[in-house]
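> When you get a sec, could you give me coordinates for this:
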Amino acid sequence: MTRPVPARGAVLLLLALPALGAAQELPSQENYHLRAEYWKWWPTLSSQIQKGFSTTPGTLLDVKNDLGVTDQSTWEVRGAFKLSPGIKLRGDYTSFNYSGNTTASSNFSFGQNLYRTGSTVSTSLKGGYYTGALEWDFVKSRQGFFGAFIGAKYLTVDAVIVSAAQGQRDLESASIPVPILGLAGRIYQGHVSLEGEFSGFTIGDRGHLWELEVTARLHLSDHLAVSGGYRRFSVEGRNSRDYVNFEMTGWLIGGELSL
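Reported below is the predicted structural model:
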């Protein structure tokens, strides 16, 4: 289901930031060398997977409806090192760990195994993704900054489907590097700031990756802030017999420490 409000807020923020002017003095909260953040995220998962064998395509499975996977909270850590005014080296890691148990309502195939109607099926999806990027804030002023970044995401996923009664087990592991381009900006009003960020990459019909985030922060001091926001992450990939669509959408809270 489309959730346009956060996306609209990010667009308005990114359109407003270039009007801040070309002044070079930043808010006092931006005078740091190292910044660290911790986030707790409660995403809603939407995912479909398909795994074929040889020349035979597998069954397209909805991980919630067909495999009984349930939503789980997760966490993320981030860091930024300021190389010079307006130049930052950024990194983050987000973890995910999903599982489910269900009784198959119809026959389905995954990998080289056929899972039959009525069999008990257990599923596990574990992994995470790393991001590394270099950001250039080409607009800087007392009200905030606006910039662009280039980097890469590295995704790791282990998918396990087991039917103990049938003696069947499929394990699929993937490690995928993806280049990204993005825009980011933050505006300050006293002890409150609003930040928007969008990044992604596409390879046409073969897949895409994109991420949107809008957050608000209450700055308790120049070095400490508490945060809340909304985040949406989506990745899709396909080839001749395999397909994955993995989307996490939801609210998050966190804290920020600047040194």
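
> Quickly run through the sheet partners of the helix or strand hosting Leu171, with directions.
For Leu171, the host element (DSSP states H and E) is strand 168-189. Applying DSSP bridges, strand 168-189 is found paired with strand 144-163 (antiparallel), strand 192-202 (antiparallel).

> Can I get that strand as PDB, trimmed to CA atoms?
C-alpha atoms of strand 168-189 as PDB (Å, rounded to 0.1, in the frame of the first residue of the first chain):
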ATOM      1  CA  GLN A 168      13.400 -31.900   2.700                       C
ATOM      2  CA  ARG A 169      15.600 -28.800   3.200                       C
ATOM      3  CA  ASP A 170      16.600 -26.000   0.900                       C
ATOM      4  CA  LEU A 171      19.300 -23.400   1.700                       C
ATOM      5  CA  GLU A 172      19.900 -20.400  -0.600                       C
ATOM      6  CA  SER A 173      22.600 -17.800   0.300                       C
ATOM      7  CA  ALA A 174      23.300 -14.700  -1.600                       C
ATOM      8  CA  SER A 175      25.800 -11.800  -1.200                       C
ATOM      9  CA  ILE A 176      25.000  -8.900  -3.600                       C
ATOM     10  CA  PRO A 177      27.000  -5.600  -4.000                       C
ATOM     11  CA  VAL A 178      24.900  -2.800  -5.400                       C
ATOM     12  CA  PRO A 179      26.100   0.700  -6.400                       C
ATOM     13  CA  ILE A 180      24.000   3.600  -5.100                       C
ATOM     14  CA  LEU A 181      23.500   7.400  -5.800                       C
ATOM     15  CA  GLY A 182      21.600   9.600  -3.300                       C
ATOM     16  CA  LEU A 183      20.600  13.000  -2.000                       C
ATOM     17  CA  ALA A 184      20.500  14.000   1.600                       C
ATOM     18  CA  GLY A 185      19.700  17.200   3.600                       C
ATOM     19  CA  ARG A 186      19.000  18.500   7.000                       C
ATOM     20  CA  ILE A 187      17.400  21.800   8.200                       C
ATOM     21  CA  TYR A 188      17.600  23.200  11.700                       C
ATOM     22  CA  GLN A 189      15.100  25.300  13.700                       C
END
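
> can you give me the offset of it from its chain's centre?
In terms of CA atoms, centre = their mean, to the nearest Å, the centre of strand 168-189 is found 5 Å from the chain centre.

> Give me the buried stretch members for it, please.
Buried residues in strand 168-189, counted by 16 or more other CB atoms under 10 Å: Gln168, Asp170, Val178, Ile180, Gly182, Leu183, Ala184, Gly185, Arg186, Ile187, Tyr188. C-beta coordinates here come from the backbone N, C-alpha and C atoms, glycine included.

> Same question for stretch 102-109.
Thr102, Ala104, Phe108, Ser109.

> Just put the residues you listed in CSV and tack on secondary structure and pLDDT.
Converted to CSV, these look like this (DSSP: H, G, I helix; E, B strand; the rest coil; pLDDT from 0 to 100):
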residue, secondary structure, pLDDT
Thr102, strand, 95
Ala104, coil, 94
Phe108, strand, 92
Ser109, strand, 91
